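>>> return a 3D structure for these sequence lines:
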Amino acid sequence: MSIFNNTALAFADKSDYQLKKAYWMFKLIEQPALTKIGTRILNFTVHNNFPLAGDLVKATLFEQFCGGETREESMKAVIRMFKRGVGSIFDYSIEGKEEEETFDAVCQEIKDIVRFSVGNPAIPFIVFKPTAFGRIDIYEAVGKGTELTESQKEEWARVVKRFDEVCQLCHENNKKVMVDAEESWMQDAADHLVEEMMEKYNREKPIVWNTIQMYRTGRIEYMQENLQRAKEKGYYIGYKIVRGAYMEKERERAAEMNYPDPIQPNKEASDKNYNAAIDFVMQNIDRVSGFFGTHNEISTELVMNKMQGKDLENSSESIYFGQLYGMSDNITYTLADQKYNVAKYLPYGPVKDVVPYLTRRAEENTSVAGQTGRELSLISKELKRRKGN
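Below you'll find the model as predicted:
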């Protein structure tokens with residue numbers, strides 16, 4: 001029997017009404033065709049300011065997957081979770097913007113999160129996406145080694161400056177910062193930039209952490225090469241290990257542009273690669289720390305077992321676990337109950353701006369085999385348990 005089946009523990013903070021509401025929302029997400037049509041309608045109505053569209057989103061998807069519209073509003077969720085040993089990672093979930101003013105504004109917002117969270121153990125990590133600080137096309141050009149124009153050089157210098165300002169502020173305030181991974185064709189430039197930040201700010205411990213998507217090929221080899229560099233240059237590494245979230249887009253682009261598919265051939269290969277990443281971190285725990293972002297119970301138990309094998313305490317600063325807010329509470333609260341370091345990604349932002357994130361989350365839930373069904377079965381089990389009491 002799985003250790004992650006204690007629904008009383010998982011849903012202790014949820015009322016019957018909240019659970020029933022979550023059940024019907026996951027039930028709708030379970031239907032791929034309905035989700036696809038629904039998310040398109042949602043995007044259209046919200047962005048065209050249809051009456052009550054924002055209120056509808058806020059009462060459904062937003063409430064399930066976001067902490068609030070502001071950091072202050074989201075603190076209710078932060079405090080509630082931390083009372084039970086779960087940290088929060090503020091995720092300013094504004095997507096799809098490409099203006100320099102927006103990049104500067106988001107950079108300022110991330111720096112404000114750092115200052116807001118100083119001295120608060122309930123917020124153990126800061127996080128941002130590379131494309132929140134610069135256009136995907138500039139990352140792609142830099143990663144390919146394309147000769148940049150003068151204006152592109154200036155643009156890239158601004159991206160580097162934003163990275164550096166945030167990483168420096170985190171270093172000064174002893175806050176860990178994770179840089180999310182995105183599409184493969186922009187990742188080389190992002191990786192190199194994060195390595196520069198690691199070399200600069202991880203001299204004593206991992207302040208800057210990179211994200212490695214294990215549904216991609218070649219990622220173990222990349223980590224091995226980076227470890228070699230870290231040993232030679234004397235810095236520590238922090239990795240957030242995830243499976244990945246852009247599979248369909250990656251496959252389509254590879255086929256369209258006739259280059260090798262960068263994605264593992266099937267789920268079994270992705271799982272095997274994820275487990276190899278767990279081994280990599282554990283075998284190099286003296287220099288590499290790991291944040292295992294996963295909703296997979298088998299992977300989570302594997303990390304726990306490897307920690308025991310290494311005689312690492314459950315609360316070891318070298319290992320963290322993470323799940324998304326609104327999902328896999330059975331994993332999160334079981335880990336917290338056993339004193340592991342665990343945190344939820346807590347998205348926030350104005351409803352209108354967060355809709356692209358929410359629709360992506362709904363579509364990912366539909367496409368991830370078994371995830372939505374698992375949520376539904378756990379909620380059903382808990383409602384039955386409560387009825388029986």
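>>> tell me which helix or strand of the chain sits lowest on mean pLDDT?
Least confident helix or strand, the chain: helix 32-47 with a mean of 57, by mean pLDDT, DSSP states H and E.
>>> can you show me the strands along the stretch 101-250 of the chain?
125-128, 176-179, 208-213, 237-242 (DSSP state E, counting those that start in this stretch).
>>> I would like the residues contacting the first one, please.
Pointing back at strand 125-128 there. For strand 125-128, contacts defined as C-beta atoms under 8 Å, 6 or more residues apart in numbering pick out 87, 89-92, 106, 110, 113-114, 117, 166, 170, 175-180, 209, 291, 320, 343, 345. Every C-beta, even on glycine, is put in place using the N, C-alpha and C of the backbone.
>>> pLDDT below threshold where in the stretch 201-350 of the chain?
Residue ranges of the stretch 201-350 of the chain with pLDDT under 70: none are present.
>>> now do 80
245-246 (pLDDT under 80).
>>> helices along that one, start to end?
219-233, 247-257, 267-283, 297-309, 329-337 (DSSP state H, counting those that start in this stretch).
>>> any idea which of those helices gets closest to Thr7?
helix 329-337 (6.7 Å; C-beta to C-beta).
>>> which of the helices of the stretch 201-350 of the chain has the highest mean neighbour count?
helix 329-337 (a mean of 24; mean count of other C-beta atoms under 10 Å).
>>> give me the contact list for that helix.
Against helix 329-337 from outside (C-beta under 8 Å, 6+ apart): 3-7, 9-12, 84-86, 294-295, 297, 300, 321, 323, 342, 344, 378.
>>> now which of these would you call buried?
The neighbour count (16 or more other C-beta atoms under 10 Å) marks 4, 6-7, 9-11, 85-86, 294-295, 297, 300, 321, 323, 342, 344, 378 as buried among the contacts of helix 329-337.
>>> just to revisit the earlier point, now, the contacts of helix 329-337 that are in strands?
Under the assignment DSSP state E, the contacts of helix 329-337 contribute 321, 323, 342, 344 to strands.
>>> show me the contacts for the second one.
If you count contacts by C-beta under 8 Å, 6+ apart, Gln323 has them with 293-295, 329, 331-332, 342, 344-345.
>>> kindly report the same for the third one.
Shown in contact with Val342 (C-beta under 8 Å, 6+ apart): 85-87, 320-323, 332, 335-336.
>>> check the last one too.
Contacts were defined as C-beta under 8 Å, 6+ apart; by that measure Lys344 touches 81, 86-89, 322-325, 332.
>>> if we go to 10 Å?
67, 77-78, 81, 86-89, 91, 322-329, 332 (C-beta atoms under 10 Å, 6 or more residues apart in numbering).
>>> excluding residues flanking it in the chain, which one is nearest it?
What sits nearest to Lys344 in space, not counting adjacent residues and going by C-beta to C-beta, 6 or more residues apart in numbering, is Tyr325, at 4.5 Å.
>>> now do the contacts for that neighbour.
Going by C-beta under 10 Å, 6+ apart, the list of residues near Tyr325 reads 64-67, 74, 77, 81, 86, 88-89, 91, 332, 343-348, 361.
>>> go again using 8 Å as the cut-off
65-67, 77, 88, 344-347.
>>> and those, which two are furthest apart?
Top of the distance list for the contacts of Tyr325 (C-beta to C-beta): Phe65 and Ser88, 13.5 Å.
>>> between these two, who's got more neighbours?
Ser88 (26 against 22; other C-beta atoms under 10 Å).
>>> tell me the bridge partners for the more buried one.
Lys344 (DSSP bridges).
>>> quick one: residues contacting it.
With C-beta under 8 Å, 6+ apart, Ser88 has these contacts: 67, 74, 77-78, 81-82, 122-123, 325, 343-344, 346.
>>> the same query, at a cut-off of 7 Å, please.
77-78, 81, 122-123, 343-344, 346 (C-beta atoms under 7 Å, 6 or more residues apart in numbering).
>>> next, count neighbours for Asn202.
Asn202: 24 neighbours (other C-beta under 10 Å).
>>> separation between it and Asn174?
13 Å (C-beta to C-beta, to the nearest Å).
>>> what of Val86?
21 Å.
>>> repeat for Asp91
21 Å.
>>> looking at the two, which is more packed in?
Asp91 (27 against 10).
>>> which residues touch that one?
Applying C-beta under 7 Å, 6+ apart, the residues contacting Asp91 are 127, 345-347.
>>> most neighbours of all the residues you listed, which one?
Busiest of these [other C-beta under 10 Å] is Leu346, holding 26 neighbours.
>>> contacts only, for that one.
Leu346 touches 67, 74, 77-78, 88-91, 325, counting by C-beta under 7 Å, 6+ apart.
>>> if we go to 8 Å?
Contacts of Leu346 by C-beta under 8 Å, 6+ apart are 66-67, 74, 77-78, 88-91, 325.
>>> I'd like to know how far the nearest residue to Lys111 once chain neighbours are set aside sits from Pro356.
Among residues not flanking Lys111 along the chain, Leu169 sits closest, at 5.6 Å (C-beta to C-beta, 6+ apart). Distance, Leu169 to Pro356, by C-beta to C-beta: 27 Å.
>>> how about Phe280?
Phe280 is 33 Å from Pro356, by C-beta to C-beta.
>>> and what of Ala230?
From Ala230 to Pro356 the distance is 35 Å (C-beta to C-beta).
>>> kindly report the same for Gln64.
Distance from Gln64 to Pro356, by C-beta to C-beta: 16 Å.
>>> could you do Arg219 as well?
When Arg219 is compared with Pro356 (using C-beta to C-beta), they lie 26 Å apart.
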